[in-house]
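Engineer: Okay, here's the prediction I keep looking at, along with the sequence it came from:
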Amino acid sequence: DAEGILTVSDPLAERFVGVGYPQERIRTLLYGYDSRVFCPSEEPVADGEGPVVVMHGSFDQHHLGPIARDALALVHGVRTDVRYRFVGRDTPTLKRFVKDMEARCPGIQIECPGFVHYANIPRQLKGATLGIVPYEASEGTHCAFVAKAVEYLGCGLPVVSTPLENLRRHFATEHAIRFSGFDGRSFGNHILYWLSMPTAQRVEMGLKASRKVAAELDWSVNARNAVDFAERVHQHPPAPMVRRKR
């Protein structure tokens, strides 16, 4: 009975249409971010400390599964100097993941700073080399517009992600994000691609992506789009929908 629906992705909107909700009464709002907080570091990236691969989030089961495990194992077999930073609550999933990786890859460097307030997350990101989104495939992840990918790009970090439907669609022409397959070998090779790129080239690509997402996905842009949609629905309310007989 909703007069309008705001969704976080086009794939999710299409699923509403698929069960009979009118397309014209749906507006997609891609998950935004605060570009004043998630912005590139003003300090040059230090080359002497070794690369850092970062991931932040809630660390649920679909975040750290076989894809992440196999990817890190592959990268560790080639580059033992890489540090991995997982920023977020120390969930059972994260604890199990770290334990498994340390047993599988002796000497692997994993940092877990724990829960960090939203405004302080960029401090953990800006010193990194790239961000990762190693999500396993599911109906939910395909319909999501993963915030961490946007925030990585906002900070000027290149990204490796599994080919989640909405991210892949929206960032199809964005060179700073690379999409693997749904397997650890492919994901790990894409990490190695970014690590092998000269720092100056990688930073330049990241800065270009940062400017683009700031113009398109800042919360001020999302808020304006949401208000425009809400006002249109209020001024021109649709006729009641006819319920389907079950």
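Structural biologist: That came through fine.

Engineer: With just CA atoms, put the one helix or strand residue 71 maps to into PDB.
Structural biologist: Assessed by DSSP states H and E, residue 71 sits inside helix 66-78. C-alpha atoms of helix 66-78 as PDB (Å, rounded to 0.1, in the frame of the first residue of the first chain):
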ATOM      1  CA  PRO A  66      36.000 -18.900   1.200                       C
ATOM      2  CA  ILE A  67      36.600 -16.100  -1.400                       C
ATOM      3  CA  ALA A  68      38.400 -13.900   1.100                       C
ATOM      4  CA  ARG A  69      40.300 -16.800   2.600                       C
ATOM      5  CA  ASP A  70      41.600 -18.100  -0.700                       C
ATOM      6  CA  ALA A  71      42.400 -14.600  -2.000                       C
ATOM      7  CA  LEU A  72      44.500 -13.700   1.000                       C
ATOM      8  CA  ALA A  73      46.300 -17.100   0.900                       C
ATOM      9  CA  LEU A  74      47.200 -16.500  -2.800                       C
ATOM     10  CA  VAL A  75      48.400 -13.000  -2.200                       C
ATOM     11  CA  HIS A  76      50.500 -14.100   0.900                       C
ATOM     12  CA  GLY A  77      52.200 -16.700  -1.200                       C
ATOM     13  CA  VAL A  78      53.500 -14.000  -3.500                       C
END
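
Engineer: so what does the next helix or strand after that helix touch, helix or strand wise?
Structural biologist: Sequence order places strand 83-87 as the next helix or strand after helix 66-78, per DSSP H and E. On a contact count with 3 or more CB pairs under 8 Å, 6 or more residues apart in numbering; DSSP states H and E, strand 83-87 meets strand 52-56, helix 92-104, strand 109-114, helix 121-126. (Each C-beta comes from the backbone N, C-alpha and C, glycine too.)

Engineer: which residues touch the second one?
Structural biologist: The reference is to helix 92-104. By CB atoms under 8 Å, 6 or more residues apart in numbering, the residues outside helix 92-104 that reach it are 59-61, 63-64, 68-69, 72-73, 86, 88, 108, 110, 112.

Engineer: Please identify the longest helix in this protein, counting by residues.
Structural biologist: Secondary structure assigned by DSSP state H gives helix 199-217 as the longest helix of the chain.

Engineer: Next, the angle from the helix or strand that that helix is followed by to helix 199-217.
Structural biologist: Where DSSP H and E defines the elements, the next helix or strand beyond helix 199-217 is helix 219-235. Put simply, helix 219-235 runs at 20 degrees to helix 199-217, going by axes from the mean of the first three to the mean of the last three CA atoms, to 10 degrees.

Engineer: can I get the CA coordinates of helix 219-235 in PDB?
Structural biologist: The C-alpha trace of helix 219-235 is given here as PDB (Å, rounded to 0.1, in the frame of the first residue of the first chain):
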ATOM      1  CA  TRP A 219      24.600  12.600   1.000                       C
ATOM      2  CA  SER A 220      23.600  16.100  -0.100                       C
ATOM      3  CA  VAL A 221      22.900  14.700  -3.600                       C
ATOM      4  CA  ASN A 222      20.900  11.700  -2.200                       C
ATOM      5  CA  ALA A 223      18.900  13.900   0.200                       C
ATOM      6  CA  ARG A 224      17.900  16.200  -2.600                       C
ATOM      7  CA  ASN A 225      16.800  13.300  -4.800                       C
ATOM      8  CA  ALA A 226      14.800  11.800  -1.900                       C
ATOM      9  CA  VAL A 227      13.100  15.100  -1.200                       C
ATOM     10  CA  ASP A 228      12.200  15.600  -4.800                       C
ATOM     11  CA  PHE A 229      10.700  12.200  -5.000                       C
ATOM     12  CA  ALA A 230       8.700  12.600  -1.700                       C
ATOM     13  CA  GLU A 231       7.300  15.900  -2.900                       C
ATOM     14  CA  ARG A 232       6.200  14.500  -6.200                       C
ATOM     15  CA  VAL A 233       4.500  11.600  -4.500                       C
ATOM     16  CA  HIS A 234       2.800  14.000  -2.000                       C
ATOM     17  CA  GLN A 235       1.600  16.400  -4.700                       C
END
